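[1] Predicted model and sequence follow; I will ask about them next.
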Amino acid sequence: MNPGDGLSRLAGSLRVRPAQRPALLGGRPALAGRLLRGQPADAAARHLPLIYSLCGQAHRLTAELALRAALHGSAEPDDQARQALREEVIREHRRHILLEWPRLLGGPQSSRALPSPRQAADLDSWFEGSANDWLRRWRADPCQALREWSVRSRHPLARLLHGCRTRAEALALPVHALPSAPAALREIGLHLGGDEDFLRHPVLGGEPRETGAWTRARDADPTRYNNAWLRLGARLADLVELSQAQPEPLAMGALPLGEHQALAWSETARGLLVHRVQLESAASGWQICDYRILAPTEWNLHPRGTLARALEALPDDAMARRQAELLLAVFDPCLPYHLESYMLTPADQTTHLAGAPGHA
């Protein structure tokens, strides 16, 4: 698929240029404001899941929270909403790990090494025992837990991670986590209501941030996931955590920002999703005056962010592409991307469609 066709224009597209500067070119258009302006208030919850298909539940639930907070001054997610978000994040983790990791971590020869998401429903079988026991070891010492399992287990996923361990550990990634504390969220909400450039290149405290399974609100020390291998492990651990009978919940919430304005957020598979809505009164009822969405993509693809800097720092050699693919497995861009390098022939360059347009 060519990134210039209609679908890619709707979703946006990304050029990934390892060992070059800038390493990331492109992005996606801010669709929500244009599509929803002047629409009835409930249009956001109805239409956004159709646009942002892979994380449609997260967008619906976040939109509902934002709209309730804008109309009533407060909104809290109920158990049903939390369960729906949890189930979607589990599905997306399984899809990415089982379908994308083999290609990105092991190359084309590993593309059929793992079972399908439907066939791999039993997480205990991944760990040849108890997934919950492995999670306890991960919480105590992530590096040791991931290393021991990947060395000892014969499960294809363990072999895949073991095979890329040396390369992944060599990719040092200092963590600049996007916090989900109320003060930080309020600051984000205020920026979203102002300069539209913030939507394309968001910063917090003047610095680019990153968001993902390694920056969850429940994790007291995200800085320990300081290389690509531990970032991959964090996504696996997040899947195991959410699959427990009584998991630590994903962060969700809303807060008012002014008269008929509100911010809402939820933690998705890729990180923190934020919606900001402003309503106005019309003859037919409340309608949307402005709607802005700040997805994990915009944080993680910042041209001065962690991913961009790591790609720029790659040595200009034959391993640049393999290392770039490993970084893409970590940050999981949710738009079509083209992996290129002036060292590669056109036949070696890769265009990848990361699913349907505009995921979270």
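    Received the coordinates, thanks. Numbers count the residues shown, from 1 in each chain.

[2] what's the residue minimising distance to the centre of the chain in contact with, if anything?
    By C-alpha atoms, centre = their mean, the mean C-alpha position of the chain lies nearest to Arg270, the distance being 1.7 Å. Residues touching Arg270, when contacts are defined by C-beta atoms under 8 Å, 6 or more residues apart in numbering, comprise Cys55, Glu92, Thr211, Gly212, Ala295, Pro296, Thr297, Asn300, Asp332, Cys334, His359, Ala360. C-beta here means a position set from N, CA and C on the backbone, and glycine is covered the same way.

[3] What is the burial count for the fifth one?
    One way to gauge burial is a neighbour count; for Ala295, by other C-beta atoms under 10 Å, it gives 28.

[4] Give me the pLDDT for it.
    Ala295 is assigned a pLDDT of 95 by the prediction.

[5] wait, isn't it in contact with Ala269?
    No: under the criterion of C-beta atoms under 8 Å, Ala295 makes no contact with Ala269, lying 11.5 Å away.

[6] Skipping its backbone neighbours, what lies nearest Leu123 in space?
    Using C-beta to C-beta, 6 or more residues apart in numbering and skipping residues adjacent in sequence, the residue nearest Leu123 is Ala131, 4.1 Å away.

[7] repeat for Gly189
    For Gly189, the nearest residue in space outside its immediate sequence neighbours is Leu263; the separation is 3.8 Å by C-beta to C-beta, 6+ apart.

[8] Where does pLDDT dip in the chain?
    Within the chain, the set of residues satisfying pLDDT under 70 comprises 1-11, 108-113, 341-360.

[9] That one: strands as residue ranges?
    Chain-ordered strands for the chain, with DSSP state E as the definition, fall at 13-16, 24-27, 252-258, 261-267, 272-282, 285-294, 337-339, 350-352.

[10] export those to CSV and tack on mean neighbour count?
    As requested, the strands of the chain are exported to CSV (neighbours: other C-beta atoms under 10 Å):
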stretch, mean neighbour count
strand 13-16, 23
strand 24-27, 18
strand 252-258, 20
strand 261-267, 26
strand 272-282, 22
strand 285-294, 20
strand 337-339, 21
strand 350-352, 17
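
[11] hang on, the earlier thing: of the contacts of Arg270, just say which sits nearest to Arg103.
    Of all those, the one sitting nearest Arg103 is Asp332; the distance, using C-beta to C-beta, is 12.7 Å.

[12] ok, that closest one to Arg136 distance?
    Using C-beta to C-beta, to the nearest Å, Asp332 is found at 26 Å from Arg136.

[13] If you count surrounding residues, which of these two has more?
    Asp332 (23 against 10).

[14] That one and His96 touch, don't they?
    Yes: the pair Asp332 / His96 is scored as a contact, 5.8 Å apart, by C-beta under 8 Å.

[15] Now the common contact residues for the two.
    Listed contacts common to Asp332 and His96 are Ala269; contacts here mean C-beta under 8 Å, 6+ apart.

[16] and Ala70, how many neighbours does it have?
    27.

[17] go on, Met319?
    Neighbours around Met319, by other C-beta under 10 Å: 15.

[18] In contact with it, which residues?
    With C-beta under 8 Å, 6+ apart as the criterion, the residues that contact Met319 are Arg167.

[19] Next: Gly33.
    With contact set as C-beta under 8 Å, 6+ apart, Gly33 has these partners: Asp290, Tyr291, Arg292.

[20] Pull the contacting residues for the nearest residue to it once chain neighbours are set aside.
    On the basis of C-beta to C-beta, 6+ apart, the spatially nearest residue to Gly33 that is not a chain neighbour turns out to be Tyr291, at 5.4 Å. The neighbours of Tyr291, taking C-beta under 8 Å, 6+ apart as the test, are Ala32, Gly33, Leu36, Arg37, Ala44, His275, Arg276, Val277, Gln278.
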